[in-house]
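Undergrad: just need the structure, nothing else, for what follows:
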Amino acid sequence: VLSSTLTTKLGRNTLTSITAYRKRSVGPNEVSIDMSEGYDKVRNYTPYQDVKQFSQELRLASPAKQPFEYVVGLFYADSDVDRRTVTTILPNPVLPSPPVPRSIATDSVEHANLTTKALFGQTTFRLTEATSLITGLRYTSDSVSSDYNQSSVVSFTGFSTPATVKIASGSASETNFSGK
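TA: This is a model prediction of the structure:
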């Protein structure tokens, strides 16, 4: 994790920049399940799972403890997730092949991206020393996209079926205004 906060005066106002970068890598991982005494095995192998995130916030704030105060800013975040998984099913080798396969192997690769952008502002009106009126508005735009590729092969004694390939992708976006 890398992060920094920089603050500087801009006239009477305070400009703050908050930047962060995070990376997490997991793998390789392996999980094995034996369904019976040494046969009907399921092997799940994940060679990698990587997550990366970057975020940046810029904020401009008026002096504190004034009759009128404000904060305005921008926010941006981008996250990427990449993962590969290989699943192998090994049925009992005593059973005849065909009709019982010797192995079923599935290889899948996934990628997802999430991006958030926001503009925000907040004002404080000090009506008395004990009473304030606070208003705020935030505009947020989120987008997500994902890709998924999967290939499966069923192997019998002496031959394999052609690979079955599944490919999917999609994206969605949403915007929102929220108030205070």
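Undergrad: how far away from the center of its chain is stretch 70-83?
TA: 12 Å (CA atoms, centre = their mean, to the nearest Å).
Undergrad: try stretch 28-48
TA: Counting by CA atoms, centre = their mean, stretch 28-48 is centred 26 Å from the centre of its parent chain.
Undergrad: how about that stretch: buried residues?
TA: When burial is assessed from 16 or more other CB atoms under 10 Å, stretch 28-48 yields the following buried residues: 41, 43, 45, 46. From N, CA and C alone the C-beta is placed, and that goes for glycine too.
Undergrad: what is the rounded mean pLDDT of that stretch?
TA: Averaging pLDDT along stretch 28-48 gives 82.
Undergrad: likewise for stretch 128-142?
TA: 95.
Undergrad: what's the neighbour count on residue 26?
TA: Neighbour count of residue 26, defined by other CB atoms under 10 Å: 11.
Undergrad: same question for residue 132.
TA: So residue 132, with other CB under 10 Å, has 13 neighbours.
Undergrad: can you check residue 145 too?
TA: The criterion is other CB under 10 Å. On that basis, residue 145 has 14 neighbouring residues.
Undergrad: quick check: closest non-adjacent residue to it.
TA: Of all residues not flanking residue 145 in the chain, residue 171 sits nearest, at 3.9 Å (CB to CB, 6 or more residues apart in numbering).
Undergrad: just list the residues touching that neighbour, thanks.
TA: By CB atoms under 8 Å, 6 or more residues apart in numbering, residue 171 lies in contact with 143, 144, 145, 146.
Undergrad: do the same with residue 41
TA: Under the criterion of CB under 8 Å, 6+ apart, the contact list for residue 41 reads 32, 33, 34, 35, 88, 89, 90.
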